[in-house]
Structure formats: C-alpha cells, structure tokens
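Chemist: Please work out how this folds:
(one chain, ligands or ions: 1)
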Amino acid sequence: MCIPLVVGEGAPFGAVSFNDLQREREWAEPLIRRLKMVAQTFAGAIQRKLLEKDLRESALRLSMVMDAAGAGGWSLCLDSDRVWASNRTRELFGFEEFEELTSGNFELRIHEEDRGMVVSTLEDAVENRKMFALEYRIVLTGGQVRWISTRGHIRCREDGTACRLMGLSVDSTEKKQGELRLKEALAEAKSLREQLSHENDYLREQVFRASGHDSIIGSSAPVFDMLEKVRMVAPTDSTVFITGETGTGKELLAHAIHEQSTRKSRVMVKVNCAALPSALIESELFGREKGAYTGAITQQIGRFELADGSSLFLDEIGDLPLELQTKLLRVLQDGQFERLGSHATLHADVRVIAATNRNLPNMVQEGTFREDLFHRLNIFPIEAPPLRERREDIPELTWRFVQQFNRKMGRSVESIPKPAMKGLKNYSWPGNVRELRNLIERAMIMSQGKTLCIDIPNLECPCHELPTLDDVERNHILEALEKSQWRIGGAGGAAEALGMARTTLNSRMKKLGISRF
Ligand SMILES: Nc1ncnc2c1ncn2[C@@H]1O[C@H](COP(=O)(O)OP(=O)(O)OP(=O)(O)O)[C@@H](O)[C@H]1O
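Modeler: Sure thing, here's the model as predicted:
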C-alpha cells in the first residue's frame, strides 16, 4: 500500500490532499491513527538508539576516568559466575583482552596466603549485603607479586537477594611497599629507642656512681631518721624541702628521693639558683622565645618543660630573686607558666625538690623571701644533719672515700693510723661531708704507701674558733681512752682515770659519738 505523507496543513502531497481527507473523515481517521502509530514507533526506536549511544558514551567516559585513576572496574554475576572486567582490571590481573572470565580465574591469581581471607570477606559481604574493602597479593604468570586494593558492594534484586558483586581494584604495590618500609623503619626506631633507653639507664647509673651518688653513707640515728623520711615521701608527688649546712649531702638526698620515686625512669633536672645570673634564671626556668630579648637568638626550652614527667631539683632556692619567687609560686600551685616573650600558657607535670643552706624563716622575716612560697615549699621538710652531730659516721664515710679514691687513682691504701682517725672524728667539720671527702682526696695524693698519711696541720683542732664543750669533752675522753688502750672499766680503765662510773662513761661516749672504730 502507498502511504501518503503529510508535510504541512493544506498542502496536497501525493495522491490525496489533506482537505480531501478532512472531507472524507471516516476514511481518513484510521489512516491518521495508523500514521501516528508508525511515527511513535519510529520515535521510540530513535530514542532507544540515542539512549544506547548515551549509555555507551557514559560507560566510555567512566572507563576513561577509571583508567586515568588506574582503577579497574569489574562485576561478577552470582548466577552465571561470569565476570565482566574492564581493560584495566585485565591488565592488573594479567588476563587477555577478550578472555572469558569467571570468579575462578581471579581466585587462582590470588596469593595462596591471602586467598582464604579474600574468599571469606566476599562471602561475608554477600551474606550480609554489605560493602567490602580488601588488600591482598596476586601472583602473575611470571611469578611477579602485586598488591591489589579492592573496594566494592553487592547489588540485590527487588526481592533482596544478592545478584551481583561490583568493585574497583587498584594496584597498591607501591603504597604497600612504602607502608612495609615505614613499618620496618618504625620497628627499627623502636628498637633503637629501647637500646638508647637501656644505654641511658646504664649511663645514668655510671654518672650517678662517678659523681659519688651511689649511696648515702651513715648508720647514725640522725641519718636513719633522715632516710626514713626519704622512704616515706619519695613515692608521693609532694614537694620536698631539704635544709642543711653546706656539704651535708642535700643534693645526694634529692637524688635519693628521685631515684625512689615513680619518676625515676626520667633524669632529674637540676637548677642552681645561686649559680645563674639573676637575668638568666627566668629563661633557664621557664624558657624563652626567639627574640624575647636582645641576644636571645634561639628558642630555649626551660627546665620546667624539660622536667615534665620528672623531678626538678631547685638548689639554693634561698638565692632566687623576689620577682621570680612569684612566678615559681604560680607553677607550684597550678603547674602553669609562660616562656619569656610568649603569652602561650604551658603546663608541666613536675615534682619539685628544693634545697637551701640559708635560713628561710629568717629571710621571710627580713622580707627577702616570700612567705607564701616558703609555706608552699615547706610541705615536707627534711634536714640533712651536720657531720659534727653524727661523728659515729666519720669512720664509715672515711673508708668509703678511701675505697673510691683507691679505685680512681689506682692506689691501695689499706690502713689509717688511729690518731689520724681520732683527729678526723674530733674535728668540727664546718664544710661537713664535702670537706671530709676533699681532705681524704688530698691525703691520698700525699700518702705514698698503703697507710693513709693525714698530715694536715692543726688537724687535732683545725678550726680556729673556740672548741665547743662537747669537743673538749670528747677530746678529754678520747685521751683517757688512748691511755687505757680503750679499756673502759676496771682498774686502770678510762672510767677510773676520768673519775666516773663505767656506765656513765659509756653513755657519754654514745652521746658524743665516740667509738673505737
Ligand atoms: N651521707 C653521705 N654519704 C656519702 N657521701 C656524701 C654524703 N653526704 C654528702 N656526701 C658527699 O659530699 C659531697 C657534697 O654533697 P652535696 O653536694 O650533696 O652537699 P650539699 O648539701 O648539696 O652541698 P651545698 O649546700 O654546698 O650545695 C658530695 O661529694 C657527696 O657525694
């Protein structure tokens, strides 16, 4: 049949004109319907073609984007087990361009150590309809190992059953190798850190020993009481305030407290407030920013920051200038401070141990030391007793120093003449243990053989001050004891010579710290 085509209204075309058709409506209407249907069919086909073209172009664009990102797309139909794989996926897994693929092809490529993990992750994802992310190795035909990182999800039918696994895979070999190298580097750094920490412990031990800080020597009652206080306060975080004359071992005590505390794995930080010019103490304690003042060309970490997590020993605290006492009080109260030249508030967890040989209550009276700071420091006071109040410790201390110098100087001094030891015990020791140590060092240098020759003028009474009554009494008793060859009671004994009962002499000797050895 010849189908007339109508192009424009009123324009006859072919065998029948439009106006004729109008007139002969009955005949024309079915034809018009037919024409419309034919037109619709054509339009549908054209639309479908266009849609297919669009889809092809979108797929192409998507493929290009994925290729540019180095990602390979794939889709596994769970019913047929067939896999659609993009060119990049084929490239990654080493498959030919038109090779028919099933899940088995992929599974065979996976490194046998990772296969179980991959299969169970995917099974779990299918079962629970959830997304999956995997990292595993594949082995290519030449034996080359490649790391693949895959992410994907499950497509479900309308009834909720899983029908398809879709994902993207990328080559993560370089990233993985980087991670492995980083892991190795971290493991190495960790082992180096442990090694350093052991070396640090070892060196600290050495320094501690070399500086004579091995132990506090003495078994007298005052030393016993002092060590008992150390034992009680050390494990707490409380501030400790050590007082005592110069050379009585205050620093040694501070070390003992730190070493018995929970902070002992860190080094105790020390500041000598008397040794630093007052202009520098602030930056020493709290640090400073670069350019905080003329000449401050670098940033400096303060001792409080350094001592974070450890103990800070503030030696000669009585010499701290007044304006810094206020700042110190603030740190002691709330642990906060600022670096010089900065407004940023810093916080440090520091246990403070302060020491002085000055009379702080007097300084408070005079107005040279802040009263509130004194009370803040004086939480747990410990006094290091002067050597003249614990003379019974002198032989033990003397021998310990002789042994130390024997080792240090390669000497073998074995004996100390009795009169020398007597002299040591009688001396008033204004410089305390430090003076005794220095004196022994000097004597060791001057002695030749195995006997320590303490040839110090006026050793019997080197202090040019008037001797105390105790000193006079001690000397007198010692003289009597020497004469009686240390026989205390009985005929010819020291008690008889001194005109006192044996028991009285015994208790006097105890009080004055007189013993034969
Ligand atoms: N009980 C002790 N046992 C062993 N050595 C001690 C003892 N007391 C002090 N010393 C030694 O005496 C010397 C001085 O001690 P230290 O520096 O601790 O005294 P100090 O009281 O802090 O002195 P200063 O007030 O001058 O700062 C050090 O060599 C120390 O090892």
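Chemist: what helix or strand is the residue of the stretch 1-150 of the chain found nearest the ligand on?
Modeler: Nearest residue of the stretch 1-150 of the chain to the ligand: Glu135, at 59.8 Å (C-beta to the nearest ligand atom). Bear in mind the C-beta positions are built from the backbone N, C-alpha and C, glycine included. Assessed by DSSP states H and E, Glu135 sits inside strand 132-139.
Chemist: May I see the buried residues of that strand?
Modeler: Neighbour-count burial for strand 132-139 flags Phe132, Leu134, Glu135, Tyr136, Arg137, Ile138, Val139 (criterion: 16 or more other C-beta atoms under 10 Å).
Chemist: ok, Lys175 - contacts?
Modeler: Going by C-beta atoms under 8 Å, 6 or more residues apart in numbering, Lys175 touches Trp147, Ser149.
Chemist: change it to 10 Å
Modeler: Glu135, Trp147, Ser149 (C-beta atoms under 10 Å, 6 or more residues apart in numbering).
Chemist: who in the protein is up against the ligand?
Modeler: 212, 216-218, 244, 246-252, 315, 357, 384, 433-434, 437 (C-beta under 6 Å from any ligand atom).
Chemist: returning to what we had before: C-terminal to the strand holding Glu135, what's the next element?
Modeler: Downstream of strand 132-139 (by DSSP H and E), the next one is strand 145-156.
Chemist: what about dumping the CA coordinates of that next one to PDB?
Modeler: What follows is strand 145-156 as a C-alpha-only set of coordinates in PDB (Å, rounded to 0.1, in the frame of the first residue of the first chain):
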ATOM      1  CA  VAL A 145      53.800 -10.400  43.100                       C
ATOM      2  CA  ARG A 146      51.400  -7.400  43.100                       C
ATOM      3  CA  TRP A 147      49.400  -5.900  45.900                       C
ATOM      4  CA  ILE A 148      45.800  -5.200  44.900                       C
ATOM      5  CA  SER A 149      43.400  -3.000  46.900                       C
ATOM      6  CA  THR A 150      39.700  -3.700  46.100                       C
ATOM      7  CA  ARG A 151      36.500  -1.900  47.200                       C
ATOM      8  CA  GLY A 152      33.000  -2.800  46.200                       C
ATOM      9  CA  HIS A 153      29.500  -3.500  47.000                       C
ATOM     10  CA  ILE A 154      26.700  -6.100  46.500                       C
ATOM     11  CA  ARG A 155      23.800  -5.400  44.100                       C
ATOM     12  CA  CYS A 156      20.500  -7.000  45.000                       C
END
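Chemist: what are the ranges of the strands in the chain?
Modeler: Here the chain has its strands, by DSSP state E, at 71-77, 82-85, 101-102, 132-139, 145-156, 162-171, 240-243, 269-272, 311-315, 336-338, 345-347, 351-356, 380-383.
Chemist: Check which helices and strands the third one sits against.
Modeler: To tie it back to what came earlier, the one meant is strand 101-102. strand 71-77, strand 82-85, helix 87-93 (3 or more C-beta pairs under 10 Å, 6 or more residues apart in numbering; DSSP states H and E).
Chemist: How far off centre is the last one?
Modeler: Here the centre of helix 87-93 is set off from its chain's centre by 47 Å, with C-alpha atoms, centre = their mean, to the nearest Å.
Chemist: who's in contact with whichever residue of the chain sits closest to the ligand?
Modeler: Per C-beta to the nearest ligand atom, Gly249 is where the chain lies closest to the ligand, at 2.5 Å. Applying C-beta under 10 Å, 6+ apart to Gly249 gives the contacts 212-213, 216-218, 223, 226, 242, 255-256, 384-385, 387, 397, 432-434.
Chemist: quick one: it from Val230, how far?
Modeler: According to C-beta to C-beta, to the nearest Å, Gly249 stands 11 Å off from Val230.
Chemist: Find residues that contact each of the two.
Modeler: Ile216, Ile242, Ala256.
Chemist: now that we have these, which one has the most neighbours?
Modeler: Ile242 (29 neighbours; other C-beta atoms under 10 Å).
Chemist: doesn't Glu251 make contact with that one?
Modeler: Yes: assessed by C-beta atoms under 10 Å, Ile242 is found in contact with Glu251 at 8.6 Å.
Chemist: list the residues that contact both of the two?
Modeler: Phe313, Asp315, Ile353, Ala355, Ala384.
Chemist: how about the residues you listed in CSV, adding pLDDT and neighbour count?
Modeler: Below are the shared contacts of Ile242 and Glu251 laid out as CSV (pLDDT from 0 to 100; neighbours: other C-beta atoms under 10 Å):
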residue, pLDDT, neighbour count
Phe313, 95, 27
Asp315, 95, 21
Ile353, 97, 31
Ala355, 97, 25
Ala384, 97, 24
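Chemist: follow-up on the earlier one: tell me what the strand holding Glu135 is packed against?
Modeler: So strand 132-139, by 3+ C-beta pairs under 10 Å, 6+ apart, packs with helix 103-109, helix 112-128, strand 145-156, strand 162-171, helix 173-210.
Chemist: Could you rerun that using 7 Å?
Modeler: Strand 132-139 sits against helix 112-128, strand 145-156, with contacts defined as 3 or more C-beta pairs under 7 Å, 6 or more residues apart in numbering; DSSP states H and E.
Chemist: how near is Arg155 to Met131?
Modeler: Arg155 sits 12 Å away from Met131, going by C-beta to C-beta.
Chemist: For the two, indicate the residue with more neighbours.
Modeler: Taking neighbours as other C-beta under 10 Å, Arg155 and Met131 compare with Arg155 leading, 14 against 11.
Chemist: Does the more buried one touch Cys163 like I think?
Modeler: Yes: using C-beta atoms under 7 Å, Arg155 is in contact with Cys163, at 5.9 Å.
Chemist: Would you point out the most distant pair within the buried residues of strand 132-139?
Modeler: Phe132 and Val139 (21.3 Å; C-beta to C-beta).
Chemist: Model confidence score at Cys463, please.
Modeler: Looking at Cys463, its pLDDT reads 37.
Chemist: Ok, Leu168 next?
Modeler: Model confidence at Leu168 (pLDDT) stands at 93.
Chemist: if you skip the residues just before and after it, what's nearest to it?
Modeler: Leaving aside its sequence neighbours, Leu168 sits nearest to Ala71 (C-beta to C-beta, 6 or more residues apart in numbering; 4.7 Å).
Chemist: which residues does the one you found contact?
Modeler: Contacts of Ala71 were listed using C-beta atoms under 7 Å, 6 or more residues apart in numbering, and they are Arg88, Leu168, Ser169, Val170.
Chemist: chain center to stretch 174-185, what's the gap?
Modeler: 24 Å.
Chemist: mind listing what's buried in it?
Modeler: Lys176.
Chemist: give me the number of residues near Ser86?
Modeler: Neighbours around Ser86, by other C-beta under 10 Å: 20.
Chemist: I'd assumed Ala348 was in contact with Gly309.
Modeler: No: with contact defined as C-beta under 7 Å, Gly309 does not reach Ala348; the gap is 8.3 Å.
Chemist: neighbour-wise, which of those two wins?
Modeler: In this view Gly309 and Ala348 are compared by other C-beta under 10 Å, and Ala348 has more residues nearby, 19 against 12.
Chemist: now the residue nearest to Glu245 when sequence neighbours are not counted: how far from Ile216?
Modeler: What sits nearest to Glu245 in space, not counting adjacent residues and going by C-beta to C-beta, 6+ apart, is Pro386, at 5.0 Å. Going from Pro386 to Ile216 by C-beta to C-beta gives 15 Å.
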